[in-house]
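**Q** no sequence on this one, just coordinates:
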């Protein structure tokens, strides 16, 4: 579905059903060099079980026009404008990796609009190594290879619906390559820089006013569970319900553990906002 956001086309996948803003809304936010398709299983289930779904393509990604935005705060403000365009007053925010920072910033600065906050493969601060930043700027194919390897906990991850030719590493590699080819130059570096420079995460966490669930991968080497400990402590200051679900996966939880990720997300969202 295409929305007009500040005069620019913005795409959100609605889970295979027409979007109804009268239903409880779940917003899914992808990470760097990805698009809405990383949430394929989770979004379709939500849409067919009582939720209105908006799985966004961030500005400059696939079906959403650019330019890409250069900061987490700017992306959170863009998300607020997209919800306005969709006629949505309040929503449950679900973000992966960079998307988790956007969801966190949104929930803190627009507390009246967030019914729940699910942070998947998150870390605050989300530090990016100099080596990866340099590769993303000067040798993007190399950076894509590096991230693809680090995102998966095994070379032979078995999806929930295995079939001949279904290869998680190859699928993720091609997605990042497509996003890179369709986007503006140095998109990967821009997004890694936005994550690396985001210094407000712990302050924002203390300002959150809705229930929070962290979903982390036990074998995640990009945002390991220990990297979320400071975030958990900051959220405790906000005096909101917070829990953590740990899955046997790497950074790519939605594809390595799709059913378990869905269970963790749907049980949380349904509790935060009972579906009709």
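**A** Happy to help now that I have it. Because the structure is predicted, anything quoted here is derived from the model rather than measured. Residues are numbered from 1 along each chain as shown.
**Q** Could you count how many residues lie near the closest residue to residue 79 other than its chain neighbours?
**A** Leaving aside its chain neighbours, residue 79 sits nearest to residue 106 (5.4 Å; criterion: CB to CB, 6 or more residues apart in numbering). In this view, the C-beta of every residue, glycine as well, is placed from N, C-alpha and C. Burial measure for residue 106: 29 neighbouring residues, criterion other CB atoms under 10 Å.
**Q** Read off the pLDDT value for residue 18.
**A** Looking at residue 18, its pLDDT reads 96.
**Q** in a helix, that's where it is, yeah?
**A** No: counting by DSSP: H, G, I helix; E, B strand; the rest coil, residue 18 is not part of a helix but coil.
**Q** Residue 53 versus that one, what's the distance?
**A** Distance of residue 18 to residue 53, given as CB to CB, to the nearest Å: 10 Å.
**Q** So between the two, which is more surrounded?
**A** Counted by other CB under 10 Å, residue 18 and residue 53 do not tie: residue 53 has more neighbours, with 28 against 9.
**Q** And residue 243, its phi and psi?
**A** When quoted as degrees, to the nearest 10, the phi and psi of residue 243 stand at phi -140, psi 170.
**Q** repeat for the one 4 residues further on
**A** Here the main-chain torsion angles of residue 247 (degrees, to the nearest 10) amount to phi -110, psi 160.
**Q** With residue 94 as the reference, measure out to the nearest residue to it once chain neighbours are set aside.
**A** Nearest residue to residue 247, sequence neighbours excluded (CB to CB, 6+ apart): residue 257, at 4.6 Å. Counting by CB to CB, the gap from residue 257 to residue 94 is 15 Å.
**Q** which one of these two has more residues nearby?
**A** Higher neighbour count among residue 257 and residue 94: residue 94, with 29 against 23, using other CB under 10 Å.
**Q** now that we're looking at that one, how far away is residue 129 from it?
**A** 27 Å.
**Q** Start from the N-terminal end of the stretch 101-250 of the chain and give the strands.
**A** For the stretch 101-250 of the chain, the strands defined by DSSP state E, counting those that start in this stretch cover 114-120, 212-217, 242-247.
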